[in-house]
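*Asks:* pasting the sequence and the predicted model now:
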Amino acid sequence: MIKKAIHRTAHTFERLFDRVRGQRDKRRIIEPYIGYATPEHLVLRGRVLTNLRRNNPKPTQSRWTNFKQMFALFLTDEVGDVEVRAQGVTARSDEEGYFTLHLPREDQRGWLEIEVEITAEQTNAICPVLVARKDARFGVISDIDDTMLRTGAYSLVRNLWTSMTGNASTRHVFPDAVRFMDALSENARNPVYYVSSSPWNLYHFLGSIFARAGLIKGPTFLRDLGLSETQFITGTHGDHKGASIDTILAANPDLQFILIGDTGQHDAFVYRDAIARHLGRIRAVVLREPGPGPDAESKTAMETIKATGCTLLHAPNFDGFAQHFAEKSAAENEPRDAA
């Protein structure tokens, strides 16, 4: 009851705040996200806003300046109930401005760029879409914080401090993560997806960090932290990651996947459960061990993963793991003597 009361109060306050700002009288803008493909559709994603907050951060600027710029990313002016369209298909943005378009899929492969526009307005954007190649051997799903990006998410205080006082020019992707993902993608042969509990407000911020580090890009599944009449924030960290994994595997029914994460945010539990839901679909689990490493419960989940017969690799860094997969692939492809 208390949670429902807080939800109603927060949602009412947000609606009043939007009305005071008068954001619905401003020009609409589309923030495009990287889409993906299912066997039947191209799935385009984005958000309708009245402005996009973009910064040009410098490595030398103060932490206070960083904090103000990071905080501003959460002050979105989202617009709901706006019709968007692409190639004759239409959809409407929800209360938080998010929209999804399902376009009929032909035999396209690789990276596509599709124009999306707001109906009856001179507003458009290009939505990139990744379609897995026919020769893909497997797919990759990776966590972000403390897996690709140095964060300290295993500690709430450290996580908040790092996230809110740094900027896109001071945050660091692990060099071993860049090398590992390059090797797994095999020159973009194998599709890469990212799943994180970070909010969609950080989409462009994370993309800037990835691009600066040279980390291979891919569709990203972040979390909606907004309020609506039926939603108070979102589910748990594990619920979000598990549902995103389910969506990605359903979109690529013919591929096995490598799941990459860390032991700081209970990824071992999420991946253990994914293996149970998708028997035979998970090729391997790879876990970085940040900070103090896995706790007792995570170690138990890791043992359960190994007991399923799924390959499990874990260490403080990913060095050497690419060689493991290369050798395993070579062994699988060796011709066998006739019986």
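*Replies:* Ah, there it is.
*Asks:* you'd agree residue 281 is up against residue 258?
*Replies:* No. Judged on Cβ atoms under 8 Å, residue 281 makes no contact with residue 258 at a distance of 10.8 Å. In short, each C-beta sits where N, CA and C put it, glycine included.
*Asks:* who's more crowded, the two?
*Replies:* When neighbours are counted by other Cβ atoms under 10 Å, residue 281 and residue 258 differ, and residue 258 comes out ahead with 21 against 17.
*Asks:* residue 175 versus the nearest residue to residue 35 once chain neighbours are set aside, what's the distance?
*Replies:* Nearest residue to residue 35, sequence neighbours excluded (Cβ to Cβ, 6 or more residues apart in numbering): residue 129, at 3.9 Å. Distance, residue 129 to residue 175, using Cβ to Cβ, to the nearest Å: 29 Å.
*Asks:* what about residue 213, neighbour count?
*Replies:* Residue 213, neighbours per other Cβ under 10 Å, totals 16.
*Asks:* how about it: what's its closest non-neighbour residue?
*Replies:* Per Cβ to Cβ, 6+ apart, closest to residue 213 is residue 173, 3.7 Å.
*Asks:* bridging residues for that neighbour?
*Replies:* residue 149 (DSSP bridges).
*Asks:* settle this for me: it is touching residue 208, isn't it.
*Replies:* No. Using Cβ under 8 Å, residue 173 makes no contact with residue 208, being 11.2 Å away.
*Asks:* of the two, who's got more company?
*Replies:* Neighbours were counted for residue 173 and for residue 208 using other Cβ under 10 Å; residue 173 has more, 20 against 17.
*Asks:* list the residues that contact the more buried one.
*Replies:* Contacts were defined as Cβ atoms under 8 Å, 6 or more residues apart in numbering; by that measure residue 173 touches 148, 149, 150, 209, 210, 213, 215.
*Asks:* mind running it again at 10 Å?
*Replies:* Residue 173 makes contact with 144, 147-150, 181, 206, 209-210, 212-215, according to Cβ atoms under 10 Å, 6 or more residues apart in numbering.
*Asks:* those residues: which two are farthest apart?
*Replies:* Pairwise distances among the contacts of residue 173 were taken by Cβ to Cβ; the largest, 17.5 Å, belongs to 147 and 212.
*Asks:* quick one: the helices in the stretch 1-150 of the chain?
*Replies:* With DSSP state H, counting those that start in this stretch as the criterion, the stretch 1-150 of the chain has helices at 2-21, 63-72.
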